[in-house]
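K.L.:
here is my input; please provide its structure:
(one chain, ligands or ions: 4)
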Amino acid sequence: MAKDFSLMEDSNRSSNPSIHSLSDPARRRVLQGGLAAAVSGLFAPLASLAQTAPAAPMRYSGKLGFVGVSVATTDTVNVPMGYTAEVLYRWGDAVGIAGNLPTYKPDASNTAAEQAAQAGMHHDGIHFFPLDGSKRGLLAMNHEYVDDGLLHTDGMRTWSAEKVAKSQAAHGVSVIEVAQTAQGWQVVRPSRYARRITATTPMRIAGPAAGHAMMRTAADPEGTRVLGTMNNCAHGFTPWGTYLTCEENFINYFATGDNPDAHARRWGARKETPYRWAEFDERFDMTRHPNEFNRFGWVVEIDPMDPTSTPIKRTALGRAAHEGATVTTSKDGRAVVYMGEDARFEYIYKFVSRDRIRPGGAAANRDLLDHGTLYVARFDAGGRGEWIELAAGRGPLTAAAGFATQGDVVIKARQASDLVGATKMDRPEWIAVDPNTAEVYCTLTNNSERGRENRPGVDAANPRADNTFGAIIRWKEDGDTAATRFAWDHFVLAGDPANTAANKQGTIRGDVFGSPDGIWVDSRSIVWIQTDVSTSTLNRGDYARIGNNMMLAADPSTGEIRRFLTGPNGCEITGVITTPDLRTMFVNIQHPGEPGSERSDPDRPTAVSTWPDGARPRSATIVIRKNDGGIIGT
Ligand code: FEO
Ligand code: CA
Ligand code: CA
Ligand code: CA
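P.N.:
Ligands and ions are numbered 1, 2, ... in the order given. You can find the predicted model right below:
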């Protein structure tokens, strides 16, 4: 079962070279920990030796003021002394639609229709859109996937159209109104903004893939309309006030039949799907509707302020197993979007809009993400890198190679990236931009296949074989975020100094962690790092002494990383944002109770965790406050 559920999809057998050999001197420097030396002075000095210490306050001067928390295997959320974490919005809580406020049933007997008006499962990326400064706003958040063992009273023991509908309704996005009251932060119910977007919500397809032959289906002969979004992992938000939700492991929902073509294989599609939607919803059966598959893997733009607005798939940003879409601006006011593709040996992308962002919010920027230039990253030895343009007719992207139009390029972005020699990365997850320095951080969560026989070897940017701990890579563009060249280094190679294997020890200056996934840089330049050690590995093997998944805070001015939070059993920590005043933090606790097999036993739903209710575990958004009302992290 775990194999089918793999979130580490691995289908890149392309022969574009891993550019850097084992003898690469820059890589040796990286392995020796001399990271700053590999880059020419663009970055703050980093740790020169792997080291760690138990959690303790103020070991380094800098901006972190809290007492770090220890590793933990408790079924609780642990935060530093002087902080409080409270549960705000759990799977099954009513989203807040007027006249439609279904009550959560602890035996998981809510219907599909009820689920469509309740919080979905598996909360992930999240953003706060202020309505009244830092006191009231909208939270938009993703519901990445489901645990069918918890979602239905008897799990998957029986299977039906109603269960598929409930699973589809538990995916997607929530928009909720939240406000700080005398009783703390609460969901406002009802709210005119409250909305659920699910795997069946009507959406529009825009950009160069709209209308493409590969996007047309029996239900949509024009190739411009599609139902729903799913496997929404990380996210983004735009300067014009919209939310971006990203479709990650969409392949897990499509059943190929016995003879997938080369395109389906390059995207990792399989005969069996863990979610079993194809059995009752034929659009997920690729033997009947081969193109439906191409209508997923996109970045979807949502206007959270208008609950009647139609979400739009922005195909100019390329198709990928998108982790997130992080937006910044160029000096001349264009949108720059960074995107990681979380799969082994896949790529990092950047999109630069053709037009400048206009004042006037969402209404004034309706088509901004439909026109621009898509790039893929190549990380070279010596701490330099280049963004390679992915444009039809450019370089190897010829009509003869299958790239006659830009629609071909964006639908087959992986194949295009293979041809131009992009760097195959160790599962790029979230990307964050420091608002003060424009330095960009990307988590490379792990890649145990790196260096295995017949798989790509190490390179400068991915310097460790059997990379079970992951890394955070960082770059700074030459002069402007729209530039095509950049300097890079590793902010940290994660690891455990107590592990005797040299390639496991890393360069952490502070508290041990591995498998970084969520990352966000706040307005003080504190880097918040969240971990997603898979539940098949948690507290075992290389992770035996690292405990439950966690969130840490890093101060780039000192390089210190300090543990801020640990989560309940079986969860990952993913999704973090504060109010603009930095005094309230929202964090998502995803899949508490998930067993190593990634699907709970319906007869023992509480076998791993009872968080947060002392009963069937529920993913949830939590609110973290400093008891004195101060800035989070001080
Ligand atoms: Fe959904 Fe790549 O984590
Ligand atoms: Ca993730
Ligand atoms: Ca995960
Ligand atoms: Ca992950």
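K.L.:
ok, the closest residue to ligand 3 within the stretch 201-350 of the chain - contacts?
P.N.:
Closest to ligand 3 within the stretch 201-350 of the chain is residue 233: 8.2 Å, counting by CB to the ion. In short, each C-beta sits where N, CA and C put it, glycine included. Residue 233 makes contacts with 124-125, 142, 144, 246, 248-249, 322-324, 342, as judged by CB atoms under 8 Å, 6 or more residues apart in numbering.
K.L.:
which residue is the nearest non-sequential neighbour of it?
P.N.:
With sequence-adjacent residues excluded and distances taken as CB to CB, 6 or more residues apart in numbering, residue 233 is closest to residue 248, at 3.8 Å.
K.L.:
can you give me the buried ones in the one helix or strand the residue of the stretch 201-350 of the chain closest to ligand 3 maps to?
P.N.:
Per DSSP states H and E: residue 233 is located in strand 232-237. Buried residues in strand 232-237, defined by neighbour count with 16 or more other CB atoms under 10 Å: 232-237.
K.L.:
farthest-separated two in those?
P.N.:
233 and 237 (14.9 Å; CB to CB).
K.L.:
quick check: phi and psi at the residue of the chain found nearest ligand 2.
P.N.:
As assessed by CB to the ion, ligand 2 sits closest to residue 517 within the chain, at 4.2 Å. Dihedral angles of residue 517 (phi, psi; degrees, to the nearest 10) stand at phi -140, psi -80.
K.L.:
so how far is residue 352 from it?
P.N.:
Note on residue 517: its distance to residue 352, by CB to CB, to the nearest Å, is 26 Å.
K.L.:
and the pLDDT at residue 59?
P.N.:
What the model reports as pLDDT for residue 59 is 52.
K.L.:
got the contact list for the closest residue to residue 375 other than its chain neighbours?
P.N.:
Distance criterion CB to CB, 6+ apart; nearest residue to residue 375, sequence neighbours excluded, is residue 387 at 3.7 Å. With contacts defined as CB under 8 Å, 6+ apart, residue 387 is in contact with 350, 375-378, 483-486.
K.L.:
repeat that for residue 563.
P.N.:
55, 68-71, 510-511, 513, 550-552.
K.L.:
that one should be in a strand, yeah?
P.N.:
Yes - Residue 563: assigned to a strand according to DSSP: H, G, I helix; E, B strand; the rest coil.
K.L.:
count of neighbours near the closest residue to it other than its chain neighbours?
P.N.:
Counting by CB to CB, 6+ apart, residue 563 lies nearest to residue 511, which is 4.1 Å off, once chain neighbours are set aside. Residues lying near residue 511 (other CB atoms under 10 Å) number 24.
K.L.:
you'd agree residue 511 is up against residue 564?
P.N.:
No - with contact defined as CB atoms under 8 Å, residue 511 does not reach residue 564; the gap is 9.3 Å.
K.L.:
now do the shared contacts for these two.
P.N.:
68, 552.
K.L.:
would you agree residue 225 is in contact with residue 201?
P.N.:
No - contact criterion CB under 8 Å: residue 225 and residue 201 do not qualify, at 11.4 Å.
K.L.:
the more surrounded of these two?
P.N.:
Between residue 225 and residue 201, counted using other CB under 10 Å, residue 201 has the larger neighbour count: 21 against 18.
K.L.:
does that one touch residue 226 like I think?
P.N.:
No - between residue 201 and residue 226 there is no contact under CB under 8 Å: 9.6 Å.
K.L.:
for ligand 3, what is the nearest residue in the stretch 101-250 of the chain?
P.N.:
Closest point on the stretch 101-250 of the chain to ligand 3, by CB to the ion, is residue 144, at 7.7 Å.
K.L.:
thinking again about what came up before, what's across from the residue nearest to residue 375 in the sheet?
P.N.:
In this entry, residue 387 is beta-bridged to residue 377, by DSSP bridges.
K.L.:
considering the contacts of residue 563, which possesses the most neighbours?
P.N.:
residue 513 leads the contacts of residue 563 on contacts (other CB under 10 Å) with 29 neighbours.
K.L.:
and the gap between that residue and ligand 4?
P.N.:
13 Å (CB to the ion, to the nearest Å).
K.L.:
sorry, back to before: quick one: which of residue 517 and residue 352 has more around it?
P.N.:
It is residue 517, of residue 517 and residue 352, that has more neighbours when counted by other CB under 10 Å, with 27 against 20.
K.L.:
please name the nearest non-neighbouring residue to that one.
P.N.:
Closest to residue 517 by CB to CB, 6+ apart is residue 532, at 3.8 Å.
K.L.:
who's in contact with that neighbour?
P.N.:
429, 445, 515-518, 549, 572-574.
K.L.:
could these be laid out in JSON lines, adding secondary structure?
P.N.:
Shown next, in JSON lines, are the contacts of residue 532 (three-state DSSP):
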{"residue": "429", "secondary structure": "strand"}
{"residue": "445", "secondary structure": "coil"}
{"residue": "515", "secondary structure": "coil"}
{"residue": "516", "secondary structure": "strand"}
{"residue": "517", "secondary structure": "strand"}
{"residue": "518", "secondary structure": "strand"}
{"residue": "549", "secondary structure": "coil"}
{"residue": "572", "secondary structure": "strand"}
{"residue": "573", "secondary structure": "strand"}
{"residue": "574", "secondary structure": "strand"}
